[in-house]
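> here's a sequence, model it:
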Amino acid sequence: MKAAVLYAKDDLRVEDIPLPEINDHEVLVKVKATGICGSDLPRVLGDGAHYYPIVLGHEFSGIVDKIGKKVTKVQVGDKVAGAPLVPCHECWDCQKGNYAQCKNYTFIGSRINGSWAEYVKLPEVNAIKVDESVSFEEAAFFEPSAVALHALHHIQFQGGEDVAILGGGNIGLLILQWVKILGAKTVTVFDIDDEKLELAKKLGADHVINTLHEGFKEECFVITKGKGFGVVLETAGSNITMNLSFDLAANKAKVCFVGTPTRDITFDFKRFEQMNRKEFILTGSWMSYSAPYPGREWELTAYFLEKKKLNFKDMIYKVFPLDRIGDAFDLYRAPGFVKGKIILLNE
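Coordinates of the predicted model:
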C-alpha cells in the first residue's frame, strides 16, 4: 500500500509498504480521509517522533475492508471513524474508565503506524460507525471533536456561564461549538488572527477579541459585567494565553488547560495569588476517552454530527491527496499561514 513514512526530522517520503496484518479482534480500514493534527507538526518538523521510520496520522475515517475472525461489532463495508488510543483495558486506570491515563497503552499514528496511508489496522472497539449522511472529511474530525468535548466533561461544564476560549485553532473552534450546544450564556473567542476570529463568528461565537488590540481586557469585563468569565478554556498551549487565563477568570471560575505547550511555561507569584484570591479551579485535560470505551465524547460527536448540529466543513482549510503531503507541510513551514484543518484524501 501507499503510505507517507517519516524517516527522520523533516524527511517524509510517500512510498509502498506492506499491508498491515490483522489479528482476530482487529479490523483493516481503507482510509478515505485523514487529518494533520497540531501534535503531528513537532513530529515531522522537529524531533517529536518516538522512533523512525513511522507512519503518522491519528484523525481518520474510512471503510472497513477486512475483519478478524472474532470481530462482531462491525462488518466489511461499514463507514467508520477511528479512535487512535489503544489502552490495555486491564490496568487500574483502565478498570476505572480512565483510559487516557493507562500506563500500558499504545497509540495509532505515534507509537504504531497510523492513517497517513491507504490502510490502517485497529481493534474493533476502536472503530466507530458513522452515518452515511456524514462525509469522510467530516468523520475525520471525530478525534479532535472528542478531545474538545472531553475537556468540558472533565470540568463538568453546565450551561448558563460566560465562557472564554483562548485560541481560535481547531480545538478552540470545536470547543466553541460544543459549549454552544451545551447551553453557554455567552462565548468569547480570543486570538491574534482576524481570519480565525471571523471563522469563530461564523461558527457561533457571541464575541471575538483580538488580543493584539489595546484595551481588549476592558472589552472582556463589559461582556461579563465586571465579573470575569465563569469558564476559561485555554487551547493554544502558549505562555501568553495560559497567563491570560488567570486574568480573565471570575471568582470561583473553572479554568482548563487543553492546549499542549512545546516550551516552558512560567507563572510569577502574582499569578498564583490570583488563583488563591479568586479560588478558581485550575485543571488540565488529556485526550478524549471515557467509559464504556471509547466514551460518550465519541458517541455524542456521532449523534450531533448526524443531526447537523456540528459544522466541520467550514473548518477545513485545504484538501490534498496523500501523495502531496509534502505540499501540505510546506504550508506549515510559514508560521500562521494555515487557518484551519488540512485533510489528506485517498481515492
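
> can you give me the helices for the stretch 101-250 of the chain?
Ranges of helices within the stretch 101-250 of the chain are 136-139, 142-154, 170-181, 194-202, 216-223, 239-248, based on DSSP state H, counting those that start in this stretch.

> next, the buried residues of the fifth one.
It stands for helix 216-223. Residues of helix 216-223 classed as buried by neighbour count (16 or more other C-beta atoms under 10 Å): 220, 223. No exception for glycine: its C-beta is placed from N, CA and C like everyone else's.

> closest one to residue 109 among the helices of the stretch 101-250 of the chain?
Proximity to residue 109, assessed across the helices of the stretch 101-250 of the chain by C-beta to C-beta, is greatest for helix 142-154 (9.5 Å).

> now for the closest one, which elements pack on it?
strand 79-82, helix 170-181, helix 296-306 (3 or more C-beta pairs under 8 Å, 6 or more residues apart in numbering; DSSP states H and E).

> chain center to the longest one: distance?
If you compare the mean C-alpha spot of helix 170-181 with that of the full chain, they lie 11 Å apart, counting by C-alpha atoms, centre = their mean, to the nearest Å.

> what mean pLDDT does that helix get?
In this model, helix 170-181 has a mean pLDDT of 98.

> from residue 108, how far out is the closest residue in space to residue 122 that isn't next to it in sequence?
In space, residue 122 comes closest to residue 82 once its chain neighbours are excluded; the distance is 5.5 Å by C-beta to C-beta, 6 or more residues apart in numbering. If you measure residue 82 against residue 108 using C-beta to C-beta, to the nearest Å, the figure is 7 Å.

> least reliable of the helices of the stretch 101-250 of the chain going by mean pLDDT?
For those, the stretch scoring lowest in mean pLDDT is helix 216-223; its value is a mean of 93.

> can you give the contact residues for that helix?
With contacts defined as C-beta atoms under 8 Å, 6 or more residues apart in numbering, helix 216-223 is touched by 162, 164, 186, 188, 190, 207, 209-210, 227-229, 247-248.

> for stretch 310-320, buried residues please.
Buried residues in stretch 310-320, counting neighbours by 16+ other C-beta under 10 Å, are found at 310-312, 315-317, 320.

> straight-line length of it, end to end?
Stretch 310-320 has an end-to-end distance of 23 Å (criterion: C-alpha to C-alpha, to the nearest Å).

> now do stretch 188-202
First-to-last residue span, stretch 188-202, C-alpha to C-alpha: 13 Å.

> same thing with stretch 291-310?
With C-alpha to C-alpha as the measure, stretch 291-310 spans 23 Å from end to end.

> other residues contacting that stretch?
Here stretch 291-310 makes contact (C-beta under 8 Å, 6+ apart) with 81, 83, 85, 87, 89, 96-97, 99, 125-126, 128-131, 133-134, 138-139, 141-142, 145-147, 149-150, 153, 177, 181, 288-290, 312.
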